[in-house]
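Trainee: With the sequence up front, the predicted model follows.
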Amino acid sequence: METVKYLARPLYAAALFAVVALTACSAPASGSAPSESATTTTADSSAAPTASASAASGPFGGYASAAEACAAISTQATGASLLPLSAAQGKTAELEHKKAELAETAQRVPEALKADFSRFNKVALAGLSDQSVYSNGEFEAAMAPVTGWLSANCH
């Protein structure tokens, strides 16, 4: 019964985030840039996105388009909320793969989201060994800027 109590909060957070993420998945067309508030460090003079998937400094970070960035960030953030479930099921290889994908996404997100997503990544990983991050609101607080970015930039 104790395990159910510890998994209920992360699953609730995952469900809530999934709703927000799925709402945000209808991203702008690949030719349109993210909102002005999200691109404070990048001056984009052309309407076409750059195809640089390795540089995280473009308007879409390390992604070729807004749609690709929105889909990846949404998927990884949702997956991060489910990490404790994978850990509880003892799926070590799957857990390591998800942790690596989350770390890669943290490197590729747009500059405006980089610090917030990095913090979210750290809190999600901390939740694997200390599930109090779910009960004390730390996970939700770390997720808020990510969902805010998704809401503002992925329509």
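Mentor: Okay, I see it. Numbering: from 1, shown residues only.
Trainee: how close does residue 92 get to residue 128?
Mentor: 11 Å (CB to CB, to the nearest Å). No exception for glycine: its C-beta is placed from N, CA and C like everyone else's.
Trainee: of those two, who's got more company?
Mentor: Under the criterion of other CB atoms under 10 Å, the comparison of residue 92 against residue 128 puts residue 128 first, with 15 against 10.
Trainee: And what about the closest residue to the more buried one other than its chain neighbours, helix, strand or coil?
Mentor: Ranked by CB to CB, 6 or more residues apart in numbering and with sequence neighbours excluded, the top spatial neighbour of residue 128 is residue 87, at 5.2 Å. Secondary structure state of residue 87, per DSSP: H, G, I helix; E, B strand; the rest coil, is helix.
Trainee: Is residue 87 in contact with residue 131, as I believe?
Mentor: No - contact criterion CB atoms under 8 Å: residue 87 and residue 131 do not qualify, at 9.7 Å.
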